[in-house]
Every structure is written in C-alpha cells, then in structure tokens.
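Just a sequence and a predicted model for now, questions to come.
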Amino acid sequence: MKLFTTQQIRDWDIYTIKNEPIDSIDLMERAANRLTDWYYENCERYTDITFFCGVGNNGGDGLVMARLLHLLHFNVKCYIVHFSDKISEDFKQNLSRLPKNVPCYDIKEDSDVPVINDETVLVDCIFGSGLSRPPKGITQKTIIEINRSNNPVIAIDIASGLYADHYSTHFQTIIEADITLTLEVPKLAMLFPENDKNVGELNIIPIDLSKKFKEETPSNYFFTTHKNAQEIYRPRKRFDHKGKFGNLLIVGGSKGMIGAVQLATKAGLRAGAGKTTALVPACGYEIIQATIPEAMCISDPSRNHIVASTLVSKYSAIGIGPGIGQHEQTQKAVRSIIEDAEKPIVLDADALNMLSENDEWWSLIPENSILTPHLGEFERLAGIQFINSFDRLEAASKMAKEHNVIIVLKGANTAICLPNGQIHFNSTGNAGLAKGGSGDALLGIISSLLAQKYKPYEAAILGVYLHGKAGDYASADKGFESMVASDVIESLGKAFFELLK
Ligand SMILES: NC(=O)C1=CN([C@@H]2O[C@H](COP(=O)(O)OP(=O)(O)OC[C@H]3O[C@@H](n4cnc5c(N)ncnc54)[C@H](O)[C@@H]3O)[C@@H](O)[C@H]2O)[C@@H](O)CC1
Ligand SMILES: Nc1ncnc2c1ncn2[C@@H]1O[C@H](COP(=O)(O)OP(=O)(O)O)[C@@H](O)[C@H]1O
Ligand SMILES: [K+]
C-alpha cells in the first residue's frame, strides 16, 4: 500500500471529487458512513458518545457520524470548537443536517470548554490532516481537558494536534487517542514510536478514493499489507526439489551465545531453505548437531569464538552475526567472509557493530546486501544519536542509497529502506517480539528467503512480514509476555499458510 503526504492526500481527495465524479459533501458522507459502520461493529455497547468537532472537514466528518449514530439510537452530543472564523462549506451543510434533538454546544471561549465527568466515548474530530500549527487557546484547552478525562477517545483520521508528515514537538496539545480511525491510508507519523500514545490502536478505514490517482502518484513510502506479501510469495510447485531452494549458511555463535545461532538456523530451516548449514565455534558443534538434526554444521577450529572463514561461494545466501561476539580474530574472519562473498549477504547484531568500527568494510559489502539493525545498532552505524524517528528514518534511507544496501530498521512497524529510496513499513508484529532472540529468528528467515532466490528487497519485505505474522500467532497462543523466539519460529508455518488464503 502506498503512503502519501498530507498534500498528496488533499490532491487525492480533489482528484476523486473531480473524476469519480462525486460531490465533496457526498465523499464526506461516504467516509462518515464507513466510520459509523466501524463504530457500530466494534463499539456497539458504548452507547453514549460525545463529539468534539472543529470547523473544518474533519469536524464535518464528525457531524455526519453524529447524525448517523443518532439515527441508530446512540445517545449522541456535540461540541463545536470554533478555532477559526473560516468554516468549511461541508461542515456548515452538515451542521444544518444535524437533527435538532442532538444536543450541540459551542466552544467559543475558555469558559465554554466542558469538564468531562460523564461516562461517554469521546470522538475527536477537531483537526484532521489540515493542521498547520500547534493548537492554541480554546482548542488547546479542549485537547487538554479531553486528555485529562481518562474517557475512551477515538480520533477521526488523526489525533488532533498531531502533524501527519513531520515531527510534533508540542506534546501537551495533542490528543491521546485510544483508537485512531484513519481514512484510506495510514499517515507517516502514525508509524513512529514517539506518537504511540497519540495514535493508540490504528485502524484503516477505506473510503474508495481514486485508484487511478493512487497508481499514478509517485511515493517513496509503502505499508506492507497481506496482499503485498502475497504478491511476493511464491508457493512451491508439485515437482520442486530441494536443489531449487538454495543452500543457506548461518555464521554465528560464541561461548554463551550458541542459542542465537541455533535460533537463526532453525528459523532458516522453517522459512524454507533447501539446505541449511551453521558455521559455529567448536563449543557449539554438538549443540547444533544434537538439537537441529535437519541442519548441517561446520565447526570452527577455535573453541569459543569463530576465527576462520569458509568457502563461501558454495552457498546461495549467508546470514552473519547472531551471537558471534566481537573478538578481534572473529572480526578478521567476518571481514574475510564479507570480502569473499559475491552475492548479497545478511548482516545482523555484532557483525553490524564490527561494521560501525570499520568504515572501510562498507566497500566490501556486496550490493543489495541486507543489514538488520535495531535502533541502537543503527545509531552506532550512523555514529549519531537521533532525537526523533523522522530524522532517524531519513538517515537510514540515506545510508541505504549511499552504500547500495537494504537497511531493515527494526522495531514496531520495522522500516525497510531500499537503495532506490523506497521505504516499506511493516504491518505485522507486536510487543511480544521485544525479547532476546527475535532478531536472530529474523536474520534466519530473511537469509533463508534470499537463499531461495527471492530478490533481496523481496526477502527483506516478506521476511519481516512473516516474522511479525508468526509473532502475532505466537502471542495469540502464548501471550505477549510468555512468547519466546522459539514460539515465533514454530508459528512460521501458520504465517506461510495464511499467504495461501
Ligand atoms: N482525505 C479525504 O479524502 C477526505 C477527508 N476528509 C476529512 O477532511 C479532513 C481535512 O479537512 P480540512 O482540510 O478542512 O482540515 P481540518 O479539518 O483539519 O481543519 C483545518 C483548518 O484549520 C485551520 N488550522 C490548522 N491548524 C490550526 C490551528 N492550530 N489553529 C487554528 N486553525 C488551524 C486550517 O487553516 C484549516 O482551515 C481530513 O482529516 C478528513 O477528516 C473527509 O471529509 C472525507 C474525505
Ligand atoms: N514493539 C514491537 N512491535 C513489533 N515488533 C517488535 C517490537 N519490538 C521488537 N520487535 C521486533 O523484534 C525483533 C527484535 O530484534 P532485535 O532487537 O535484534 O532482538 P534480539 O537481537 O534480542 O533478538 C525485530 O524484528 C523487531 O522488529
Ligand atoms: K481528529
């Protein structure tokens, strides 16, 4: 799914109105109908609803919803926040359509801001994508009162006060929503951790804006949907044989961290590689052989850490890093594997930390290789600590372009930055994945897909999607706290299976 800036969304709106064609007031009616359907299906038992409407089109959406929910016998009231004298035409029309028996109050000065003390759902439709400066005066006061109330809050399109495309610094004056119902596509700001408290649970409400505009309008931002993952996925055919699915090498492990390479190797197998080999220090040899009968194992001459390279050309993909440590001799071995590699490789964990300390390695990395840093590893690579996610993402994208590699910036909504400037945000996964071992599983999955001849960008996007999906199955089964990386790997089968649906 392509993501757009606020300006592009405004143009999309206008294009739809002109070319569908549809009157803007009818488009608003359609959007509000979809929003109302969502409310009815998900929150039917919350019968008392208070709308806070601005005087722009976001407020217009709210007025239509209020009318529709009133007709469905919900107990609805509205407050109109007069933040400007410029009132949208569609807002005006919908205000006149609001049934007279819906209580409706104006907020024009501070003393009009109500103290919220009744049990009611609050629907925030003060500002939508039209926000151009931090809220002040009555709007600020209303937002602070809504946040103070502790009532459930549903934000329409975007939490009022939150900038959709750039960093918001005025934290005190942004709605803290429990649920956001965003129209058509998520907005960039919704995918960043600092805005989590403003966004809450994100739901995308399709309103059928023009398909042609979507296809023809360029964007570098994407959100990986189930359909996108299906488009990448290649199901096996009846006469396929193991030779077709590649020869995967996982390089990792050191004394006390053999578990990491074990997890990556298991994940590599479960993600479908034809043959999987682990290269581990001698102390890991028996562990791998005894616990993963399907994998082959090469023992390094050294007992506690890897010191030697191997013949890399026989492998179709190599994943390096899980539990590998940073021993000086290991650094030499890793350098030589990277130097010998002729096809894209996957680098994680300490392999990335080594790269941060050896700038000259960049020129050795095969183009389109995949680097999977978490935020800390990325900051070490970049040599900068970032204050906000927008700047961090921009730096990751720049790094991907500059070095011709794929940067998988891990976290909730992992961002996959491609050398061509595209950034693909993941849509699966949950906080149960925030646990040691999850990253090792991810390295195994991505390298395995690469071994199976998925293109590097496909392996990264599909691998991250499957890893998150398997995490979702694992959490449904075991719960966020109790799930472990092994559960994620065990659930990979279900994630693949779902791609067939
Ligand atoms: N994207 C779409 O296709 C559709 C959008 N609709 C709704 O329309 C919304 C956008 O409507 P608008 O463009 O009218 O924007 P808003 O409803 O967000 O209102 C913005 C207005 O407030 C002013 N303003 C911005 N920041 C201010 C501040 N801090 N203090 C005081 N005034 C401020 C702006 O100049 C503008 O006039 C969307 O968020 C969505 O809810 C829907 O009606 C249906 C279709
Ligand atoms: N809150 C979260 N929501 C979704 N995914 C998460 C969350 N936290 C972590 N993850 C995922 O879990 C994995 C953690 O990787 P990493 O930080 O390298 O862990 P480790 O090295 O300890 O295994 C990444 O794929 C990341 O995207
Ligand atoms: K809003």
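Thanks, I have the structure now. Predicted model, so just to flag it, every value in this text is computed and none were measured. Ligands and ions are numbered 1, 2, ... in the order given.

In this structure, what residue comes closest to ligand 2?
residue 439 (2.2 Å; C-beta to the nearest ligand atom). The way it works is simple: take the backbone N, C-alpha and C, and place the C-beta from them, glycine included.

residues making contact with stretch 196-213?
11-13, 15-16, 19-20, 27, 30-31, 34-35, 38, 153, 155, 159, 161-162, 174-186, 189-190, 412 (C-beta atoms under 8 Å, 6 or more residues apart in numbering).

Buried ones only from the residues you listed, please, as a ChimeraX command.
If you want just the buried ones from those in ChimeraX, going by 16 or more other C-beta atoms under 10 Å, the selection is:
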select :12,13,15,16,27,30,31,34,35,38,153,155,159,161,162,174,175,176,177,179,180,181,182,183,184,185,186,189,190,412
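
Would you check which of the contacts of stretch 196-213 are in contact with ligand 3?
Near ligand 3, judged by C-beta under 5 Å from the ion, the entries from the contacts of stretch 196-213 are residue 155.

Confirm that the residue of the chain closest to ligand 2 sits in a helix.
Yes. Membership of residue 439 in a helix is supported by DSSP: H, G, I helix; E, B strand; the rest coil.

Surely it touches residue 373?
No. The pair residue 439 / residue 373 is not scored as a contact, 9.3 Å apart, by C-beta atoms under 8 Å.

Common neighbours of those two, please.
Common neighbours of residue 439 and residue 373 (C-beta under 8 Å, 6+ apart) are 348, 410.

Check the secondary structure at residue 213 for me.
Relying on three-state DSSP, one would call residue 213 helix.

Count the residues that sit near it.
Per other C-beta atoms under 10 Å, the neighbour tally for residue 213 reads 17.

With residue 128 instead?
Residue 128, neighbours per other C-beta under 10 Å, totals 27.

who does the lengthiest helix in the chain touch, helix- and strand-wise?
The longest helix of the chain (DSSP state H) is helix 456-478. Using 3 or more C-beta pairs under 8 Å, 6 or more residues apart in numbering; DSSP states H and E as the contact test, the elements touching helix 456-478 are helix 226-232, strand 370-371, strand 406-409, strand 415-417, helix 438-451, helix 485-490, helix 492-499.

Contact partners for the residue of the chain closest to ligand 2?
Applying C-beta under 8 Å, 6+ apart, the residues contacting residue 439 are 322, 348, 349, 372, 374, 410.

near ligand 2, which residues of this structure show up?
Applying C-beta under 6 Å from any ligand atom, we find that the chain lies next to ligand 2 at 349, 374, 410-412, 414, 429-431, 433-434, 436-440, 442, 467.

Of the residues you listed, grab the buried ones for PyMOL.
Buried members of the residues of the chain next to ligand 2, defined by 16+ other C-beta under 10 Å, are picked up in PyMOL with:
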select buried, resi 349+374+410+411+412+414+429+433+437+438+439+440+442+467
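
thinking again about what came up before, out of the contacts of residue 439, flag the one nearest to ligand 3.
residue 410 (30.0 Å; C-beta to the ion).

In space, what's closest to that closest one - neighbours in sequence excluded?
residue 374 (4.5 Å; C-beta to C-beta, 6 or more residues apart in numbering).

Quick check: the one you found vs residue 356, distance?
Distance check for residue 374 against residue 356: by C-beta to C-beta, to the nearest Å, it reads 13 Å.

before we move on, what about residue 184?
Counting by C-beta to C-beta, the gap from residue 184 to residue 356 is 39 Å.

try residue 102
Relative to residue 356, and taking C-beta to C-beta, residue 102 is found at 60 Å.

Tell me which helix or strand the residue nearest the centre of the chain sits in.
Nearest to the geometric centre of the chain sits residue 413, at 1.8 Å (C-alpha atoms, centre = their mean). For residue 413, there is no helix or strand it lies in under DSSP states H and E.

Give me the neighbour count for the closest residue to it other than its chain neighbours.
Distances taken as C-beta to C-beta, 6+ apart put residue 191 closest to residue 413, at 4.3 Å, once the chain neighbours are dropped. A total of 25 residues lie near residue 191 under the criterion other C-beta under 10 Å.

and residue 191, what does it touch?
Residue 191 neighbours (C-beta under 8 Å, 6+ apart): 223, 413, 415, 425.

in the residues you listed, which two residues are the furthest apart from each other?
In the contacts of residue 191, two members sit farther apart than any others by C-beta to C-beta. They are 223 and 415, at 10.4 Å.

about what we covered before: from residue 253, how far out is the residue nearest to residue 410?
For residue 374 relative to residue 253 (C-beta to C-beta), the value is 19 Å.

One more: residue 401?
Residue 401 is 33 Å from residue 253, by C-beta to C-beta.

Then residue 302?
Separation of residue 302 from residue 253 (C-beta to C-beta) stands at 11 Å.

list residues touching both of the two?
In contact with both residue 302 and residue 253: residue 281, using C-beta under 8 Å, 6+ apart.

Show me which of those two is the more surrounded one.
When residue 302 is set against residue 253 and neighbours are counted by other C-beta under 10 Å, the residue ahead is residue 253, at 31 against 17.

Next one, pLDDT for that one please.
Taken from the predicted model, the pLDDT recorded for residue 253 is 98.

again, but for the one 5 residues further on
According to the predicted model, the pLDDT of residue 258 comes to 98.

which secondary structure elements does the helix or strand residue 330 falls within contact?
Here residue 330 sits within helix 328-340, counting by DSSP H and E. Counting contacts by 3+ C-beta pairs under 8 Å, 6+ apart, helix 328-340 packs against strand 317-320, helix 349-357.

pLDDT averaged over the shortest one - what is it?
Read that as strand 317-320. 98.

same thing with stretch 181-197?
Mean predicted confidence for stretch 181-197 is 96.

List, one by one, the residues from this protein near ligand 1.
So far as C-beta under 6 Å from any ligand atom goes, the chain lies against ligand 1 at 9, 13, 27-28, 31, 54, 56-61, 83-84, 86, 88, 127-135, 139, 156-157, 183, 209.

coming back round to it: may I see the contacts of residue 439 organised as a markdown table, with distance to residue 72 added?
Listed next are the contacts of residue 439 as a markdown table, based on distance: C-beta to C-beta, whole Å:
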| residue | distance to residue 72 |
| --- | --- |
| 322 | 54 |
| 348 | 51 |
| 349 | 53 |
| 372 | 48 |
| 374 | 46 |
| 410 | 43 |
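
Which of these sits closest to ligand 1?
residue 410 (30.6 Å).

Phi first, then psi, for that closest one.
phi -80, psi 150 (degrees, to the nearest 10).

same check, this time on residue 393
phi -60, psi -40.

and it, how many neighbours does it have?
Residues near residue 393, counting by other C-beta under 10 Å: 22.

go on, the one 3 residues further on?
By other C-beta under 10 Å, 24 other residues sit near residue 396.

For it, list the residues it contacts.
Contacts of residue 396 (C-beta under 8 Å, 6+ apart): 378, 382, 407, 409, 415, 417.

Show me which of these are buried.
378, 382, 407, 409, 415, 417.

With pLDDT as new columns, can those be given to me in a markdown table?
Formatted as a markdown table, the buried ones among the contacts of residue 396 follow (pLDDT from 0 to 100):
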| residue | pLDDT |
| --- | --- |
| 378 | 98 |
| 382 | 97 |
| 407 | 98 |
| 409 | 98 |
| 415 | 98 |
| 417 | 98 |
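
What is the most widely separated pair among these?
Of all the pairs that those form, the one spanning the most space (C-beta to C-beta) is 382 and 415, at 13.9 Å.
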